[in-house]
Structures are given as structure tokens and as C-alpha cells.
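Visitor: with the input below, show me the fold.
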Amino acid sequence: MHIMKQMKADILISGGGIAGLTLGIFLGKAGLDVHLIDTAPPPANPAASGRTIALMQNSLNILGATGVWDKIAEHAAPLETMRIVDDNNVYTEVEFHAGDIGLAQFGFNIPNSILRSSLHDIAKTIKNLTLHIPDMLESFENEGASVTGSLKSGKEITANLLIGADGSKSLVRNISGIDVKENDYKQSAITCLISHSRTHNNTATEFHRPGGPLALVPMPGNQSSVVWIEPTERADDIMRLRKDEFTQALQKLTGDILGAIQLSGTPECWPIKSIKAKTLTAPRVVLMAEAAHVISPITAQGLNLSLRDVAALAETIVDAARAGIDIGGASVLNTYEKRRRIDINTRVFGVDGMNKIVSTDANALKGLRRAGLKTVDAIAPLKKIAMRIGLAPEIDSGRLAKGEKL
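Guide: Down below sits the predicted model:
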């Protein structure tokens, strides 16, 4: 006879990616009883790959509150200059320097796998955070004053609040009956790590091309991560190339800007879609990160947006707990929804529009894009405004994003 193991918690988090682990660490350190589920732990010895994350300062402040920076600093590269190259018949180049707005750098580029692994190591040390890894949420039921999740292992966990941090195909979102608005770009992103003969000078370069943008983002030493967006059919063809053919194609597209390049490791490829949940909450349920929104990797906004979800949710829950308010109640969920909605909507809409403009082959839009770049480059105050808007969104800037304590 199969005996169900029943457990109780304040918070149940489904999803142990970067966002889920960061939230679990915050809430556990704040004294709440947190249980976190994920299907697989990070690899024991994560290696840097093309899957990297460009994190801006407010995101670094949020992550810094977990204590993870000391573990990842040696793997991170500062982003001191952003270069945009519009190479559609007429060559246009604009550079944005962090020093022009009084910053040492815009942010840092960090390998995804190393960041997740380091957060997982910290999570294992948090007394109030119980990790169910590997395990899987199979279903849950709302019981009015609580929600009970059933795990594949046979465990049942009853909590005040269930948090869906379980990615773009979120089971929590699906069971909750939350619809999404989806936009398939019919493009795919190829990522890889390259070494190169010239220094990158801590400069990230983004090429605007008809098939989609191509970005070279600094890594420590003479290495860079590549995000190469193409129509899916073309991307599939590229992924079938031999290693030397792949390298030659990339070398040609980047115009030898980093000198001779060599491919490190194996390229990866995944389809690009934009997904936005029509609501962030259901009774006793909250969505965050890619369960709530997925955007194109252009402009590197994805995880930065997700970490603002984490910070807002951590602050909202902890404030409610300190005030003795039901952390899974409607007022707390409404506060989170209201706080995040504008930031998410503007970012999803903005990145969607940017992807269309950057990937276009229409002459009118290409001309408009070049004119816009030239105008921004020529007018110093406008250039500074553009940098600040891209860097430090003020729509939802709470304590953690400012570097303050939770």
C-alpha cells in the first residue's frame, strides 16, 4: 500500500531555476518555511557555455542580497560599452559608454549554468528552505485557506501560497486556467561560446540584420558569448554545418571585429516566442519569471525582468508576514499583480516591437532605424536618456533593486 507523506509549509515554489532559487533563498532567510521543487539539480561541475545572462545593476543588487556574487565574480565580465552596428547596405555604428552616465559598467555578463549552480549551493544551506530535487509537482488543489500540491514522489505539501516559477510551459499556470498571449516569431536563437584573437575591451556588440540580430557579449579573457538570431529554417541549416563551416559563417557575419575566432564547445539552438500570462495570480497561486512572461533575447531583458518579479514578490510576501497578514490572501496577490503588471507589459511590448524593427528587411523601417541611431548618437543628452531608460527601469524599483535589505 502506497502511503502519502504529508507536509506543511508557508510557501511552496514549483521551479528551481535562477528565479525560483533566488526567491526561495530570500523567503527562507526571512524566516518563512519554504519548500521548493525541481525536476533536476544543476550539474555538479557546470561549465561556461553560450547561454549567458547580461545583468544590469538593479538585478545585480537583487542577486547580491543572496550572497551569490562572491561565488560568481570570477566568471563574470563587465559590460563597459554597448556597440550597435546596423549593417543593412549602409553601415551605421553607435557606441554607448557607461562612463558617460557616471557608471563603471552597465552590468556584467554571467554564465547561466554557473549562476544557477551557485544559487543551488546557497539554497542547500538555508535552514528554512527544503529542497525537493529531483521531484515534480503533478497537481494541486485549492482548499480555500490553503493549497495542497501532490508530488511525483508521493509527497503532499500544504502551503499558504503556491508560486509557479516553472518556466514557459508552466504546469502551475495551466492547472490554474490562466491563459497566455503568445507570439511565435518564427525565429530561433543560436548560442555558443567563442574565443578570439582580439580583445573585446569589455564591449558588447549587437549587429542589426534582416534575419535577426547577432550579439557578441564579453566573457572573461578573450572569450565572448554569441546570441545569433535567424529565421528558424535558416537556423536549422546553420546548426547542421560542420564546426569549421559554422565558424567561417560566424566570422564573416561579425566582420572580423574580434579578429580570428574559434568555437568553444557545442552551439545550442531554441525557438523564440513571446509569451505573456493574462493574469499573474489565481486563488492562492502566483506566477513569476518565465511562467508569467517570455521575451526575445534581444536587449537581454529576460532575466532582468524575472529578477524584478522575484524582488517584488519577496518584498510583498515578507511585508505581509511581518504585518501578520495572510501571505496567500487576495490582498497580497493583488499587491504583487498591481506592482508588476506595468513593468511586464511595457517590457514585453517594447522588446516585441524592437525585435520587429531590428529584424526587418523593409527599406522604410531600415531607414528609420538608421536615422534613429544617428540622431541618438549626435545628441549627447538624448544618448544619456536612452542609456538610462535601457538600464534602470524606474517602473518597479523596490528595496532589493536599490541594494537595500529585504
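
Visitor: going by C-alpha atoms from here, please, whenever you check contacts or count neighbours.
Guide: Will do.

Visitor: tell me which element the closest residue in space to residue 246 that isn't next to it in sequence is part of?
Guide: Excluding its sequence neighbours, the residue lying closest to residue 246 (C-alpha to C-alpha, 6 or more residues apart in numbering) is residue 238, at 6.7 Å. Using DSSP states H and E, residue 238 sits in helix 232-239.

Visitor: in that helix, which residues are buried?
Guide: Buried residues in helix 232-239, counting neighbours by 16 or more other C-alpha atoms under 10 Å, are found at 232, 235, 238.

Visitor: JSON lines for these, including pLDDT and distance to residue 74?
Guide: Shown next, in JSON lines, are the buried residues of helix 232-239 (pLDDT from 0 to 100; distance: C-alpha to C-alpha, whole Å):
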{"residue": "232", "pLDDT": "96", "distance to residue 74": "35"}
{"residue": "235", "pLDDT": "97", "distance to residue 74": "32"}
{"residue": "238", "pLDDT": "97", "distance to residue 74": "32"}
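
Visitor: looking at those, which is nearest residue 310?
Guide: residue 232 (31.6 Å; C-alpha to C-alpha).

Visitor: in the stretch 101-250 of the chain, what residue spans correspond to helices?
Guide: Using DSSP state H, counting those that start in this stretch, the helices of the stretch 101-250 of the chain run over residues 112-123, 171-176, 232-239, 243-253.

Visitor: determine which stretch of these is the most buried.
Guide: Across these, averaging neighbours per residue (mean count of other C-alpha atoms under 10 Å) puts helix 112-123 on top, at a mean of 22.

Visitor: spatially nearest residue to residue 285, not counting backbone neighbours?
Guide: Closest residue to residue 285 apart from its sequence neighbours, by C-alpha to C-alpha, 6+ apart: residue 162 at 4.9 Å.

Visitor: so what's that neighbour bridging to?
Guide: As for beta bridges, residue 162 partners with residue 12, residue 285 under DSSP bridges.

Visitor: state the distance from it to residue 142.
Guide: Applying C-alpha to C-alpha, to the nearest Å, the value for residue 162 to residue 142 is 10 Å.

Visitor: more crowded one of the two?
Guide: residue 162 (29 against 19; other C-alpha atoms under 10 Å).

Visitor: low-confidence regions, the stretch 251-400 of the chain specifically.
Guide: With pLDDT under 70 as the threshold, the stretch 251-400 of the chain has low-confidence stretches at 298-300, 350-396.

Visitor: quick one, helices of it?
Guide: Using DSSP H, counting those that start in this stretch, helices in the stretch 251-400 of the chain cover 302-322, 330-358, 363-378, 380-391.

Visitor: helices and strands around the first one, which ones?
Guide: When contacts are defined as 3 or more C-alpha pairs under 8 Å, 6 or more residues apart in numbering; DSSP states H and E, helix 302-322 packs onto helix 18-29, strand 52-56, helix 57-64, helix 330-358.

Visitor: the shortest one packs against which elements?
Guide: Looking back up the chat, that one is strand 52-56. Where contact means 3+ C-alpha pairs under 8 Å, 6+ apart, strand 52-56 is packed against strand 107-111, helix 302-322.

Visitor: adding distance to residue 45 and mean neighbour count, write these out as TSV.
Guide: As requested, these are exported to TSV (distance: least, C-alpha to C-alpha, whole Å; neighbours: other C-alpha atoms under 10 Å):
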stretch	distance to residue 45	mean neighbour count
strand 107-111	13	24
helix 302-322	22	22
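
Visitor: for the ones you listed, give me TSV that also has distance to residue 185.
Guide: Putting these into TSV (distance: least, C-alpha to C-alpha, whole Å) gives the following:
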stretch	distance to residue 185
strand 107-111	25
helix 302-322	16
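
Visitor: for residue 272, which of those is the nearest?
Guide: Judging these by C-alpha to C-alpha, what sits closest to residue 272 is helix 302-322, at 12.0 Å.

Visitor: spatially central residue in the protein, please.
Guide: residue 303 (1.6 Å; C-alpha atoms, centre = their mean).

Visitor: and that residue, what is it in contact with?
Guide: Contact analysis of residue 303 by C-alpha atoms under 8 Å, 6 or more residues apart in numbering lists 53, 55, 289.

Visitor: now render those as JSON lines, adding neighbour count and distance to residue 117.
Guide: Listed next are the contacts of residue 303 as JSON lines, based on neighbours: other C-alpha atoms under 10 Å; distance: C-alpha to C-alpha, whole Å:
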{"residue": "53", "neighbour count": "22", "distance to residue 117": "14"}
{"residue": "55", "neighbour count": "26", "distance to residue 117": "17"}
{"residue": "289", "neighbour count": "26", "distance to residue 117": "18"}
